[in-house]
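Engineer: attaching a predicted model along with its sequence, questions to come.
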Amino acid sequence: MPRVGLTPEQVVDHALALIDEQGADALTLAAVAARAGVATPSLYKHVSGGLAELRRLIAVRVTEELADRLAEAAVGRSGDDAVATVLRAYHAYATEHPHRYNALPQAPQPDDDLTRAAGRLVGVIIAVLREYGLDGAEAIHAARTVRSVAHGFASLSIGGGFQLAEDLATTQSRLITLLTTGLRSWPTP
C-alpha cells in the first residue's frame, strides 16, 4: 500500500530537488526514496515504471514549468516586447534551474503527456509570433528559430560557454534585437 500522503507528484518533487542540488547524474530511485522517507521498492507503488517512468515524469514537469514561465511572461505583451520577454524568461528559467533545464528533452518522445506539454510550450512561442503575421509553415520555421536562439543562449550560459568579461545581459539584448529584426523582415516564400 502506498505511503499515506505520498503521491507521484511528490515523488517528482523529491526527484527535482535532488536534481537541482546534485545534478541529473545523482538521480537514482534509492536517492529519491531516501529523500521521500520510504524504502526504494516502495517507490514502485507511486512510480510503477521505475527510474525510466520517473525520468519521463520529470521531463513532463520541466516542460510544463517552462511553458508556464513563458506563458506568464507573454501575457499582455505583443511583438518585439513579447519576444524579448519570452526569451528572457526562458533564459531565467534555465539559469535558475540549470540541472532541471538539462532534463528537458530536446527531441520528440513517444509519450502523450510529454507531447501535450511540448505542444503547449511551442504554442506559446507561436502565439507570440502572431504579431509578425506569420502563419502555417512560416510560423513553424520562425518558432524553430526562436527555440534555437533561446536554447542555444541558455545552454551556453549554464554550460559556462560565456567566459569573457563583457556583460551577458548586453549580449542577450543584442541577440534579441537581431532576432526581432529578423522576424520583422521574415523572408516570404
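Structural biologist: Structure received.
Engineer: need the residue closest to the centroid of this protein.
Structural biologist: Centroid-nearest residue in the chain, with Cα atoms, centre = their mean: L66, separated by 4.1 Å.
Engineer: contacting residues for that residue?
Structural biologist: Contacts here follow Cβ atoms under 8 Å, 6 or more residues apart in numbering; on that basis L66 touches Y90, Y93, Y101, L104, L121. Every residue, glycine included, has its C-beta placed from N, CA and C.
Engineer: and if we set it to 6 Å?
Structural biologist: By Cβ atoms under 6 Å, 6 or more residues apart in numbering, L66 lies in contact with Y93, L121.
Engineer: near V128, how many other residues are there?
Structural biologist: Other residues within reach of V128, judged by other Cβ atoms under 10 Å, total 27.
Engineer: with the one 4 residues further on instead?
Structural biologist: In terms of burial, Y132 registers 21 neighbours under the definition other Cβ under 10 Å.
Engineer: you'd agree it is up against L183?
Structural biologist: Yes: here Y132 lies in contact with L183, judged by Cβ atoms under 6 Å, at a distance of 4.9 Å.
Engineer: if we can go back for a sec, element containing the residue nearest to the centre of the chain?
Structural biologist: Using DSSP states H and E, the element containing L66 is helix 50-74.
Engineer: buried ones in that helix?
Structural biologist: If you call a residue buried by 16 or more other Cβ atoms under 10 Å, then helix 50-74 has these buried ones: 53-71, 73-74.
Engineer: and it, average pLDDT?
Structural biologist: Average pLDDT, helix 50-74: 95.
Engineer: ok, then the element right after that helix?
Structural biologist: Following helix 50-74 in sequence, per DSSP H and E, is helix 79-96.
Engineer: perfect, I'm done here.
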